[in-house]
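[1] sequence isn't available, so here's the structure alone:
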């Protein structure tokens, strides 16, 4: 008997599944303007990543090289932003200046998740939670610090469910990170498959997928020097952040001085060799935009980097 499919998009669904149902239309432009206005009053709002994305797309060797699935993440971000920015001004926390202040973003994150949950339910973007857990458990409950993971061999993709946000990140941070990944590392771009919604507590979790990358295990692991060279071709320079109280390379971090994008966690499990070629692929980096109130800006300030000013509002 064939196995029932999950409610909402399957792991094999095309990225076009999110096209044409944003429900916001031109409202995204207004939300972007509102974000800059809130930030000008030192109130927290996700800093828009459009300027950074435009930079990387302009640098792409071929048009459209930024990968697939960006539309879904953009729409999800818009609905999250509508909820998070829809709080009363008195309920929106100030832009964080220290890492511990990032914990104040809980109410804002809950409001964003609530709006996103309604959109997912209204537009059939719900990924059956039981279906995901059944496949995840069948493959030995794989995963890391953020995602629960299983491999869809037929689709040639890894299906990942976010169960924990690291670095005090909100779901909004995660969504813009996926958009940045698609522009910087298009060959391993994520695709938004939908959201699991727990039937009891209504907890929302994004489900994303990523193409399988065949890893060459016959050759030595990628060295730090090789990763430095790879990132240098894209304009990134290595930075040493404070890790476990000491200045070292524990974050495996790289900063793009033009855009202010910080990408880290580029160790030898996330930067891999492709068989029978000299190519190297970046699989699962942590990417963030260094602007006032962000984890990236605070970490860079710890080692003396000035915080970049906000981009100009459109």
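    Okay, I see it. For clarity, every value in this text was computed on a predicted model and none was experimentally measured. Residues are numbered from 1 along each chain as shown.
[2] contacts and neighbour counts: CA atoms only from here.
    Noted.
[3] give me the neighbour count for residue 274.
    Neighbour count of residue 274, defined by other CA atoms under 10 Å: 16.
[4] how about the one 10 residues further on?
    Using other CA under 10 Å, residue 284 is surrounded by 19 other residues.
[5] and the strands in the protein?
    142-143, 147-152, 157-162, 191-197, 204-211, 237-243, 246-256, 261-264, 271-273, 280-282, 286-289 (DSSP state E).
[6] please identify the deepest-packed of those.
    Ranked by mean neighbour count, the strands of the chain are led by strand 191-197 with a mean of 27 (mean count of other CA atoms under 10 Å).
[7] packing partners of it?
    helix 70-84, helix 106-122, strand 204-211 (3 or more CA pairs under 8 Å, 6 or more residues apart in numbering; DSSP states H and E).
[8] nearest to residue 39, out of the ones you listed?
    Residue 39 lies closest to helix 70-84 among the helices and strands packed on strand 191-197, at 13.2 Å (CA to CA).
[9] which residues touch that closest one?
    15, 18-19, 22, 24, 28, 31, 45-46, 108-116, 119, 172, 175-176, 178-179, 182, 191-192 (CA atoms under 8 Å, 6 or more residues apart in numbering).
[10] which among the residues you listed count as buried?
    Buried by 16 or more other CA atoms under 10 Å: 15, 18, 22, 28, 31, 45-46, 108-116, 119, 172, 175-176, 178-179, 182, 191-192, out of the contacts of helix 70-84.
[11] report how many residues lie close to the nearest residue to residue 222 once chain neighbours are set aside.
    Leaving aside its chain neighbours, residue 222 sits nearest to residue 268 (5.6 Å; criterion: CA to CA, 6 or more residues apart in numbering). For residue 268, the neighbour count with other CA under 10 Å is 16.
[12] pretty sure residue 268 is touching residue 226, no?
    No: contact between residue 268 and residue 226 fails when scored by CA atoms under 8 Å: they sit 10.3 Å apart.
[13] how about low-confidence regions in the stretch 1-150 of the chain?
    For the stretch 1-150 of the chain, the stretches flagged by pLDDT under 70 are 1-26, 61-71.
[14] can you list the domain ranges for the chain.
    As assigned by automatic domain parsing, the chain contains the domains 15-211, 224-302.
[15] just put those in a markdown table and tack on distance to residue 309.
    A markdown table is the format used below for the domains of the chain (distance: least, CA to CA, whole Å):
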| stretch | distance to residue 309 |
| --- | --- |
| domain 15-211 | 11 |
| domain 224-302 | 7 |
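[16] looking at those domains, which is nearest to residue 217?
    domain 224-302 (7.9 Å).
[17] same question for the closest one, mean pLDDT?
    Averaged over domain 224-302, pLDDT sits at 96.
[18] need the helices and strands packed on strand 191-197 in a markdown table (columns: distance to residue 160).
    Shown next, in a markdown table, are these (distance: least, CA to CA, whole Å):
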| stretch | distance to residue 160 |
| --- | --- |
| helix 70-84 | 15 |
| helix 106-122 | 17 |
| strand 204-211 | 5 |
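[19] identify whichever of the ones you listed lies nearest to residue 164.
    Comparing those by CA to CA, strand 204-211 comes nearest, at 9.1 Å.
[20] and the closest one, how far out from the chain middle?
    10 Å (CA atoms, centre = their mean, to the nearest Å).
[21] so that strand versus helix 106-122, what angle?
    70 degrees (axes from the mean of the first three to the mean of the last three CA atoms, to 10 degrees).
[22] for residue 275, grab phi and psi.
    Dihedral angles of residue 275 (phi, psi; degrees, to the nearest 10) stand at phi -60, psi 140.
[23] how about the one 10 residues further on?
    For residue 285, the backbone dihedrals (degrees, to the nearest 10) come out as phi -80, psi 160.
[24] check contacts around it.
    Residue 285 neighbours (CA under 8 Å, 6+ apart): 263-266, 270.
[25] dump these into JSON lines; add distance to residue 58 as well.
    As requested, the contacts of residue 285 are exported to JSON lines (distance: CA to CA, whole Å):
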{"residue": "263", "distance to residue 58": "19"}
{"residue": "264", "distance to residue 58": "23"}
{"residue": "265", "distance to residue 58": "25"}
{"residue": "266", "distance to residue 58": "24"}
{"residue": "270", "distance to residue 58": "26"}
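[26] check those and tell me the two furthest apart.
    It's 263 and 270 that sit farthest apart of those, by CA to CA, at 11.8 Å.
[27] what's the end-to-end length of stretch 194-201?
    End-to-end distance for stretch 194-201, by CA to CA, to the nearest Å: 18 Å.
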